[in-house]
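Q: Predicted model, plus sequence, below.
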Amino acid sequence: MTAYYPESFIELAERLADAARPIAQRYFRTDVAIESKADASPVTRADREIESALRDILRDACPDHAIVGEEMGGAPVHEGPVWILDPIDGTKAFATGIPVFGTLIGLAIDGRFGLGIIDQPISDERWLGAAGRGSTLNGAPARVSDCVTLSDARLFTTAPEYFSQEEAYAAFQRVREEVLFTRYGADCYAFGLLASGFVDLIVESELNLWDFAALVPIVEGAGGIITDWNGVALTTEAKGDVIAASSAPLHEAAMQLLHG
């Protein structure tokens, strides 16, 4: 990755994560109301309060930067900086009291991702990835596993029903049948675990920009590979079929199965 992300941007991203934490903590395992958005996905007051707070900070700190967020919208720009926010990635986990959700904070410049944070406020875990430096977990180096074969791979996906297209579900099943074992339901947290060497392979379908923007620099900075299902680098123009792996051989083997 190109080293063009100044320390001030990294400090700002950490400040955003610090602001999100107490809001998530305040609402976690309470009777906060769960609403359904137009696409039938759930949203809570915590989602909206976090994104509003982060937008306020960004408007004050860098008013010339664009902002895209899951709850309040926005369009990604292809020139200059754009912050990409998912206040609570894993709202279903959050709403059921499972601490595997996370606040995602990503920054792209000229369409390419180079700064990302996964912040898990309940377990006090924060993964940070930035262009030109290795990824960290709570300040300590994070590194992917040395897994190179499907038969040894620990596979994650959020849920089988997220593969809404029959072809996509069949492709995922081909991969699932070849790995050591498969687990479900960790959302962005699984990508942090991949960056720390506890997950080897992740296959997801139909993700939105805010679901993967922050993940790219974290996975890459930990030595992993994250692309679309065709092996194309993820940018602000990318579609939502994502594969992440701990090594190039594992990534290639999984892609071959995805394409039959």
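A: That came in fine, so what should we check first?
Q: The protein: helices as residue ranges?
A: Taking DSSP state H as the test, the helices found in the chain are 7-27, 45-61, 91-95, 166-176, 188-195, 209-212, 215-221, 248-258.
Q: Next up, the contacts around the nearest residue to residue 241 once chain neighbours are set aside.
A: Spatially, and ignoring its direct neighbours in sequence, residue 241 is nearest to residue 229 (4.3 Å; Cβ to Cβ, 6 or more residues apart in numbering). Any C-beta I mention is one placed from the backbone N, CA and C, and that applies to glycine too. By Cβ atoms under 8 Å, 6 or more residues apart in numbering, the residues touching residue 229 are 171, 241-243, 255, 258-259.
Q: can I get these in TSV with pLDDT?
A: Shown next, in TSV, are the contacts of residue 229 (pLDDT from 0 to 100):
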residue	pLDDT
171	96
241	95
242	97
243	98
255	97
258	96
259	93
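Q: Nearest to residue 74 among those residues?
A: Proximity of the contacts of residue 229 to residue 74, judged by Cβ to Cβ, is greatest for residue 242, which lies at 20.8 Å.
Q: dump the residue contacts of the closest one.
A: Neighbouring residues of residue 242 by Cβ under 8 Å, 6+ apart: 202-205, 207, 212, 215, 226-229, 234.
Q: Which ones among those map onto strands?
A: Among the contacts of residue 242, the ones falling in strands (DSSP state E) are 202-204, 226-228.
Q: would JSON lines of the residues you listed with neighbour count be doable?
A: Shown next, in JSON lines, are the ones in strands among the contacts of residue 242 (neighbours: other Cβ atoms under 10 Å):
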{"residue": "202", "neighbour count": "25"}
{"residue": "203", "neighbour count": "26"}
{"residue": "204", "neighbour count": "25"}
{"residue": "226", "neighbour count": "23"}
{"residue": "227", "neighbour count": "19"}
{"residue": "228", "neighbour count": "18"}
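Q: For those residues, work out which two are farthest apart.
A: Comparing every pair within the ones in strands among the contacts of residue 242 by Cβ to Cβ identifies 202 and 228 as the most remote, at 12.8 Å.
Q: got any residues that touch both of those two?
A: Common neighbours of residue 202 and residue 228 (Cβ under 8 Å, 6+ apart) are 242-243.
Q: okay, residue 3: pLDDT?
A: With respect to pLDDT, residue 3 scores 51.
Q: mind listing what's buried in stretch 253-260?
A: For stretch 253-260, burial by neighbour count (16 or more other Cβ atoms under 10 Å) applies to 253-255, 257-258.
Q: what sits against residue 127?
A: By Cβ under 8 Å, 6+ apart, the contact set of residue 127 is 116-119, 135-137, 142, 191-192, 195-196, 218.
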